[in-house]
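J.: missing the sequence, but the structure's below:
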Ligand code: GAL
């Protein structure tokens, strides 16, 4: 009996050892591709930054990435949130890096981990903890012992955590690639020789961590071997790695762009993203990562900048809330399937090309076993090409790539979108017994002490803001007193207060009264505020509130860019331009708001029961507002519509949902919504959202909400009207598709809803776009009824586009298509 037990135990132990050793993944590379377990791979990856969503959202986001045909999820590691104070660490909730990586592993994808730990990423201070800035003698991102010691300490900590949790591929984990630094090559020049030494040090330090998988450096043409230098940009087809032994890798294909307060909403069309990807693989690329695949939200004060918005939607294939952005998601999914099908020829084939002139070119990959796969590209920005290739004619629209996996049949063209377009709608999110208008309470921000110059410390002269607050708050009060005497020769009753500041926002008070507010515009953060003031004999109090809106995250020496009224000058200007310079006065200072200190957004605030319920002020500066609400249950993403609010911060049940700045509007400008996908894309091309707030809706993750009562708290600094604030859910409203003969039209409500009716259906030559289709001249008679029958009441439906299914139409010389617009 005992013998039998021992044998069983031995067998189990052997089996376990076998399982764990067999799950180890070997990752290497050659000049062609990343090699996984001996096989060269085509790898498609997408960026999802874990702190920009919640752990509750991660499984769904990652599953949608997998369904979209990705192999890997890429993320940075965000040093500032993990080490908020030196040697004090936080890996909780949205900052739970290990849980995120394990979630990716559970869904069955690889991880590309860009440790940085400088990340850029439109993240506050580029991901550096601001305490670094305070260390005596430190210089960031250069050959400086103090900095290198901190960087090595954090990087080693992360790598040790990964090893301990067995997350590296050779340990059976999902991580196949690691990155050190980020785009140092773009900033390196001004750092001179120490910069070059730092770069070499980064490579050596990374290597010494023995991760057993490849290291990459992006935008680093002089990356030393065996670091693989990779490309970032909108197009990377002409990129060449710096060694014949490195594969051609693209770490950031920008799927759109970020938004800045006051700016428009960038939109990069699906056709152009697909074009850039197809061109990259046509030209020998084998690894490509979408930056971002899901952009998400800059919660709290994590947005970088200055002036990066709270939404980091990025026009990515998954929208800020995690919904499929269609047609982008689906159009790329189809492309991924084709590229995967061609994996062998792309990673092993010999390459020949045929040039047809005028921007048209064929690339033929052929393997020794006789398989081949082809691309025909047309890089001309306006002229479509008809090319005769190996005996067949192909129409290749301008700025597009056709893919022929067998070199005969075109199965994909980047400009021919067959995936549905989804138009999202917002619906009121109200529990049944809730009144339609929220009931508000309020409190003034306590200004009493600040208005008479009482601070927590004093200094001669005007201090730099970031060094003073250490970024513990956006807000810094600068206060001084000036004695004016009616008998002095330069006395005048009416004067101008003039403040020179390096930004980002300034509110000025004089003798207890608000006299002006101003903010940086057009990307220039230095500005001058001028406000008329009335002088009184004796003491006059000047109180200035300087506000940062995200710290700079990019550029050489970005960490040294100042904020606040550093140095001023601050002057009073009276008759005949006589100025009284207050810059070298004794100034008193206070960091942060009284309401922040008292945590007014928290139910545990000592002032929680002290909100006023009458005489709700509107458009009043420096005001706190609070309301309770019930959220309707369900799974659809929730947003709060902060229309008519000015600028400030918002919290739901004590969780900061980020800064808001609804009053910062984009300028009206012509052609805002027109979009031609052809030609090199840039953020101003195809942008949306002219003449409206840059961001009006703010994401409230479901996991922040409670089933019964919820609390929304707003701090408003410029003045706003909360009475129209309301909660909404976001869902697919309309789904459209337009598909040519021979293919299948597919429509889906992408969630729990079913198709309620068909607004438009035509099998023929209909024109227009989703939301505004027009009938053609030769369509079939019975299409609407057929489509209704197939789709109404269904969550999704598919129809083969053929005469057999749809009956004859009268189109003789135009290719016919089925066009449908459905309501979910
Ligand atoms: C890159 C950088 C990313 C991100 C991107 C723009 O230069 O590496 O972190 O900032 O630009 O979104």
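T.: Great, that's in hand. Nothing here was measured: the structure is a model prediction, and the numbers come from that model.
J.: from here on, contacts and neighbour counts on C-alpha atoms
T.: Will do.
J.: Mind telling me which residue of the stretch 651-800 of the chain is nearest the ligand?
T.: With distances taken as C-alpha to the nearest ligand atom, the stretch 651-800 of the chain approaches the ligand most closely at residue 683, which sits 10.9 Å away.
J.: burial of that residue, as a residue count?
T.: Neighbourhood size, residue 683 [other C-alpha atoms under 10 Å]: 15.
J.: Look at residue 329 and tell me its secondary structure.
T.: Under DSSP: H, G, I helix; E, B strand; the rest coil, the three-state class of residue 329 is helix.
J.: when you give positions from now on, start the count at 92
T.: In the new count, where the first residue is 92, that last one comes out as residue 420.
J.: my read: it touches residue 410, true?
T.: No: the pair formed by residue 420 and residue 410 falls short of the contact definition of C-alpha atoms under 8 Å, at 9.7 Å.
J.: neighbour-wise, which of these two wins?
T.: Using other C-alpha under 10 Å as the criterion, residue 420 and residue 410 rank with residue 420 on top: 25 against 20.
J.: Without its sequence neighbours, what residue ends up closest to the more buried one?
T.: Closest residue in space to residue 420, ignoring its immediate chain neighbours: residue 408 at 4.6 Å, by C-alpha to C-alpha, 6 or more residues apart in numbering.
J.: can you pull the pLDDT of whichever residue of the chain sits closest to the ligand?
T.: Of all residues in the chain, residue 212 sits closest to the ligand, at 3.2 Å by C-alpha to the nearest ligand atom. The confidence metric pLDDT takes the value 98 at residue 212.
J.: quick one: it is in a strand?
T.: No: the assignment for residue 212 is coil, going by three-state DSSP, so no strand is present there.
J.: Surely it and residue 644 touch.
T.: Yes: at 7.4 Å, residue 212 counts as touching residue 644 under the criterion of C-alpha under 8 Å.
J.: Report the beta-bridge partner residues of residue 567.
T.: Taking DSSP bridges, one finds residue 637, residue 682 as the beta-bridge partners of residue 567.
J.: neighbours of it, just the number please.
T.: Residue 567, neighbours per other C-alpha under 10 Å, totals 26.
J.: Could you tell me which residues make contact with it?
T.: Counting by C-alpha atoms under 8 Å, 6 or more residues apart in numbering, residue 567 touches 556, 560, 636, 637, 638, 680, 681, 682, 683.
J.: Any idea how many residues pack against the residue lying closest to residue 644 once chain neighbours are set aside?
T.: For residue 644, the nearest residue in space outside its immediate sequence neighbours is residue 217; the separation is 3.9 Å by C-alpha to C-alpha, 6+ apart. Residue neighbour count, defined by other C-alpha under 10 Å, stands at 29 for residue 217.
J.: just checking, residue 217 touches residue 647?
T.: No: contact between residue 217 and residue 647 fails when scored by C-alpha under 8 Å: they sit 11.7 Å apart.
J.: What pairs with the longest strand along the chain, parallel or antiparallel?
T.: In the chain, assigned by DSSP state E, the strand with the most residues is strand 817-831. Taking DSSP bridges as the criterion, strand 817-831 pairs within the sheet with strand 512-519 (antiparallel), strand 729-732 (antiparallel), strand 908-914 (antiparallel).
J.: Would you mind checking the average pLDDT for the helix or strand just after the shortest one?
T.: Once the chain leaves strand 729-732, the next helix or strand it forms, by DSSP states H and E, is strand 738-743. With pLDDT averaged residue by residue, strand 738-743 scores 98.
J.: cool, stretch 453-471 as well?
T.: For stretch 453-471, mean pLDDT rounds to 97.
J.: Show me what that stretch is in contact with.
T.: Counting by C-alpha under 8 Å, 6+ apart, stretch 453-471 makes contact with 370, 373, 433, 436-437, 439-447, 449-452, 475-476, 480, 487-498, 770, all of which sit outside it.
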